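A.B. asks: Structure, please.
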Amino acid sequence: MIDLAPDCRVPVIWKPSSRARRLSVRIDHRQQALVVTLPSELSSTHALQFLKKQTRWITTRLAALQQAPAFLPGRTIPIEGKPHTIVHQPTAQGGVWIEADQLFVSGARDFMSRRITDFLRNHARLILGQDLRAQAQSSGLRPTRLDIRDTSSRWGSCSSAGRIMLSWRLVMAPAPVRHYLIAHELAHLRHMNHGPAFWALADQLTPHRHHAEAWLKQHGPSLLGAR
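C.D. replies: As a prediction, this is how the structure comes out:
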């Protein structure tokens with residue numbers, strides 16, 4: 001824990017690195033902590049001074065995590081961009097299922113979060129798989145594989161072998177946001193960078209870039225912290 005200000009005390013995970021060329025800071029949404037990668041030549045004192053200059057950014061991001069959807073009875077979580085109220089039915093059969101704008105969960109309350117997470121991961125494989133196949137077909141850009149994972153700081157990635165990874169949490173986002181993020185990774189099949197040619201192709205593949213980026217800036221941190 002470090003004190004960034006008199007009323008701002010936050011947990012920090014220090015990661016010394018002999019390979020890092022500069023200090024970097026990110027939020028670990030699952031642990032609700034700062035992750036600081038520290039080059040070997042940089043002292044923790046200098047790192048702390050840097051973090052104090054970023055107090056406003058850090059507190060804003062951590063505050064957003066407090067608004068993250070909680071997988072608890074009566075709470076509302078987004079699924080494909082639409083709000084669904086969690087309803088606990090402990091004696092029911094069927095695990096987890098959707099009816100209209102409600103998400104029903106059977107079994108003991110202690111296992112609700114895990115059951116909902118498993119349900120959303122499976123739902124993500126279905127929905128994101130359909131989205132990816134549709135956009136791949138229309139664009140002519142074909143990935144070699146889709147992996148659905150739980151990541152703490154990114155929505156997707158594309159390897160040089162053509163494998164696309166998407167976070168299961170993306171299934172909570174509206175369709176235009178999913179469309180943009182998938183287009184972003186498809187564009188990497190042709191351009192493994194973020195140069196002008198990449199952005200030109202991405203804009204050809206989706207009309208939602210600017211809307212999606214704004215939406216993710218506002219709502220993305222809370223989705224990454226959903227649990």
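
A.B. asks: how about the residue sitting furthest away from the middle of the chain, what does it touch?
C.D. replies: Distance from the centre of the chain peaks at residue 91, with 32.5 Å (Cα atoms, centre = their mean). Counting by Cβ atoms under 8 Å, 6 or more residues apart in numbering, residue 91 makes contact with residue 106. To be clear about C-beta, it is placed using only N, CA and C from the backbone, and glycine gets the same treatment.

A.B. asks: element containing it, please.
C.D. replies: Element membership for residue 91, per DSSP states H and E: none, as it lies in no helix or strand.

A.B. asks: What's the separation between it and residue 179?
C.D. replies: Distance of residue 91 to residue 179, given as Cβ to Cβ, to the nearest Å: 40 Å.

A.B. asks: what do you get for residue 216?
C.D. replies: From residue 216 to residue 179 the distance is 13 Å (Cβ to Cβ).

A.B. asks: Who are the contact partners of the residue nearest to residue 143 when sequence neighbours are not counted?
C.D. replies: Spatial nearest neighbour of residue 143, excluding adjacent residues (Cβ to Cβ, 6 or more residues apart in numbering): residue 164 at 4.4 Å. Counting by Cβ under 8 Å, 6+ apart, residue 164 makes contact with 132, 143, 145, 146, 147, 156, 157, 158, 182, 185, 186.

A.B. asks: max-length helix in this structure?
C.D. replies: The longest helix of the chain (DSSP state H) is helix 112-139.

A.B. asks: in that helix, what's buried?
C.D. replies: Of the residues in helix 112-139, 112, 115-117, 119-121, 123-125, 127-128, 131-132, 135-136, 139 count as buried by neighbour count, 16 or more other Cβ atoms under 10 Å.

A.B. asks: What helices and strands are in contact with it?
C.D. replies: strand 76-79, strand 82-89, strand 96-99, strand 102-106, strand 145-149, strand 163-167, helix 175-187 (3 or more Cβ pairs under 8 Å, 6 or more residues apart in numbering; DSSP states H and E).

A.B. asks: Mind checking the pLDDT average for the fourth one?
C.D. replies: Taken as a whole, strand 102-106 carries a mean pLDDT of 97.

A.B. asks: and it with helix 112-139, angle?
C.D. replies: Here the directions of strand 102-106 and helix 112-139 differ by 130 degrees (axes from the mean of the first three to the mean of the last three Cα atoms, to 10 degrees).
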